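Novice: Here is the input, now give the coordinates:
(chains A and B)
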Amino acid sequence: MAAVSGLVRRSLEQVTVREAINQGMDEELERDEKVFLLGEEVAQYDGAYKVSRGLWKKYGDKRIIDTPISEMGFAGIAVGAAMAGLRPICEFMTFNFSMQAIDQVINSAAKTYYMSGGLQPVPIVFRGPNGASAGVAAQHSQCFAAWYGHCPGLKVVSPWNSEDAKGLIKSAIRDNNPVVVLENELMYGVPFELSSEAQSKDFLVPIGKAKIERQGTHITVVSHSRPVGHCLEAATVLSKEGIECEVINMRTIRPMDIETIEASVMKTNHLVTVEGGWPQFGVGAEICARIMEGPAFNFLDAPAVRVTGADVPMPYAKILEDNSVPQVKDIIFAIKKTLNI
Amino acid sequence: MRKMLAAVSRVLSGVAQKPASRVLVASRSFANDATFEIKKCDLHRLEEGPPVTTVLTREDGLRYYRMMQTVRRMELKADQLYKQKIIRGFCHLCDGQLLLPLMQEACCVGLEAGINPTDHLITAYRAHGFTFTRGLSVREILAELTGRRGGCAKGKGGSMHMYAKNFYGGNGIVGAQVPLGAGIALACKYFGKDEVCLTLYGDGAANQGQIFEAYNMAALWKLPCIFICENNRYGMGTSVERAAASTDYYKRGDFIPGLRVDGMDILCVREATRFAAAYCRSGKGPILMELQTYRYHGHSMSDPGVSYRTREEIQEVRSKSDPIMLLKDRMVNSNLASVEELKEIDVEVRKEIEDAAQFATADPEPPLEELGHHIYSSDPPFEVRGANQWIKFKSIS
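Specialist: Predicted coordinates:
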């Protein structure tokens, strides 16, 4: 037993989310010469958040392209390139700026395969940091999971840890459809252990499949992106009180893996959803609606509950910002309320 | 000439059974080609422009004539089907309205004549003509307009969303196709196959910000993109003077060289396109062409086109610049073709359109089971939700 765990320990590596995305892109750039990256500061600056560090040096001007500050223009250029047979990775410095280009993402990318009757695929990846950061205020803190998750024709993924980040970016690049990859700036510097399997060049995380990060019996807690970490923290605290939470990391927003959530709810009879985005018309709202429509409804012993960002534009002052995003204490409170404890 | 006329009249009077036209054609020999003068293009940041004379071969002339007539008749037929409510929604036609339509046929046929089938083209929503010149049949175009399963997009797209090889639609959002076209040009450069992309937009779209973003990046990266502004002087109901502080569209690429072309003369369009394509292929970067045309029709089928301009204006331009008449006169006067053989082409085209319209009217609508198809490419089948949770459609790539 000791020998096996020793072997296992040696092949695990500490990799930050940033490094994981970098590795994923590097491997796919190497594997397929049709893949290229474009966006603001992605080349000579090594990426605004250093996610594309080293790539320009390795692949050069043709494949790592610095763009002017022209989101609508360069997103459209990326979509056109995808239509003509390339496999672009289009970076938005943050997804807040994607709003300027959203017509190209939705009308030019997402809908085209359908409108053309299956003639014109658009194999493009839109990636960048999404959601709240720290002290960047309202215009730089919006979560776009619900907006992009709303649209047929798009795939939308939201990695939490390094394994998610690497596996999902690779799957997204290999996918022949438009994929929106919602990263998280605050997670970029967080290290996680990457198994040797996850370090391999062919390691992929499938799009459309959620992962149960922690098994539990009393309540299902579903989340995506950074809040998954908060849910696991909450679960650790509650475990000391004898409450065992099953924590599900969605990994994909669209197509949503509702079956994994349903199976869990049918086991635990309780559901709390946790997200960073605003409450109205959000990811949690969609999960609750679908739970009501499916077999899991009859297994609920209490109404499903949502934990979300506060219904305000993100304020700046630290105390206000801290209380505008879900904290561990808010998750614990919601879980106990649902369990009537 | 006199001897020929005498011979002809002898033949006519002598041979009563054969139709006179056939005899005339048989006994007549045509010129192989002829040289024509074409209007000089206005230039912006260019030392030289396209040539002011061009050679038209009989073969090319007949082909252009047939194509232009096909586009015109196809659009007239679409007009008719729309009025009969067999075509729904938007129907933006590139032909005219009322009695004698005159339009933008010279643009689509002339552009195609200046490039190779391996080059690329993208345009906005007035796309039926280009869909044809890029290789699809009238049948599949009309059947797409009538929303039938035999349509080129299987009835899923309609008037504004038709695609073919190296033809990227058919785009409904004004101006969005321009960055797309620059992106296709980027792919051309990336693949290194010497191909160019024709990226079309109208005078109305020319004021879109994303077009200037595309100009900037295309010039910076020397993309082989020919930006083409089809100036038909009206953006929907707004004349160019009321929409643009500068109506010199061929200059609005600023640092991008430009030319202003007579868009009603197919030979002018062809030469300008050849010139522009050669410019791009040489690696110098993008170039801009403004095609001056006139839209006889209203903006779309729901616009009679007279509330914002006078009937006199429409009549005047119609009588002077019909691109098909222009080509016909040139060919007949230079002995490249006879009036009769062009009439025969008219008859053949009319029949082709009739047959296509028949098909487009009789073909069944796509089966309901296909409603969910083509959401994703290359994926295993999955279920798509319908109007309520119990209605599900299978989605196949």
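
Novice: Next, count neighbours for residue 155.
Specialist: All of this refers to chain A. By the measure other C-beta atoms under 10 Å in any protein chain shown, the count of residues near residue A:155 is 24. From N, CA and C alone the C-beta is placed, and that goes for glycine too.

Novice: wrong chain, I was asking about chain B
Specialist: Other residues lying near residue B:155 total 22 when counted by other C-beta under 10 Å.

Novice: One more: residue A:135?
Specialist: 12.

Novice: Return the residues in contact with it.
Specialist: By C-beta atoms under 8 Å, 6 or more residues apart in numbering or on different chains, the contact list for residue A:135 reads A:316, A:318, A:321.

Novice: Test my guess that the first one contacts residue A:137.
Specialist: Yes. Contact between residue A:316 and residue A:137 holds when scored by C-beta atoms under 8 Å: they sit 4.5 Å apart.

Novice: out of the contacts of residue A:135, who's nearest chain B?
Specialist: Taking C-beta to the nearest C-beta as the measure, chain B sits nearest to residue A:316 out of the contacts of residue A:135, at 29.7 Å.

Novice: can you pull the buried residues of the lengthiest helix in chain A?
Specialist: Determined from DSSP state H, the single longest helix within chain A is helix A:17-31. Buried residues in helix A:17-31, defined by neighbour count with 16 or more other C-beta atoms under 10 Å in any protein chain shown: A:17-29.

Novice: Which member of those residues is positioned nearest residue B:161?
Specialist: The shortest approach to residue B:161 among these belongs to residue A:28, at 30.4 Å (C-beta to C-beta).

Novice: pLDDT-wise, which helix or strand of the chain ranks last?
Specialist: Picked chain A for this. When the helices and strands of chain A are scored by mean pLDDT, DSSP states H and E, helix A:2-11 comes last with a mean of 47.

Novice: Chain B is the one I meant
Specialist: Per mean pLDDT, DSSP H and E, bottom of the list for chain B is helix B:20-27, a mean of 50.

Novice: Please, which helix or strand holds the residue nearest the centre of chain B?
Specialist: The residue lying closest to the centre of chain B (C-alpha atoms, centre = their mean) is residue B:108, at 2.6 Å. When elements are assigned from DSSP states H and E, residue B:108 belongs to helix B:105-114.

Novice: got the buried residues for the top helix by length along chain B?
Specialist: Longest helix of chain B, by residue count under DSSP H: helix B:58-83. Residues B:58, B:60-62, B:64-79, B:81-82 are the ones in helix B:58-83 that count as buried (16+ other C-beta under 10 Å).

Novice: Okay, helices next: where are they in the stretch 51-200 of chain A?
Specialist: A:55-59, A:71-83, A:102-103, A:112-115, A:145-149, A:162-174, A:196-199 (DSSP state H, counting those that start in this stretch).

Novice: Residue in the stretch 201-341 of chain A with the shortest distance to chain B?
Specialist: As assessed by C-beta to the nearest C-beta, chain B sits closest to residue A:293 within the stretch 201-341 of chain A, at 4.5 Å.

Novice: Skipping its backbone neighbours, what lies nearest that residue in space?
Specialist: Closest residue in space to residue A:293, ignoring its immediate chain neighbours: residue B:389 at 4.5 Å, by C-beta to C-beta, 6 or more residues apart in numbering or on different chains.

Novice: Kindly report the same for residue A:65.
Specialist: Nearest to residue A:65 is residue A:38, by C-beta to C-beta, 6+ apart, at 4.1 Å.

Novice: That neighbour against residue A:78, yeah?
Specialist: Yes. Contact status for residue A:38 versus residue A:78: in contact at 6.0 Å, counting by C-beta under 8 Å.
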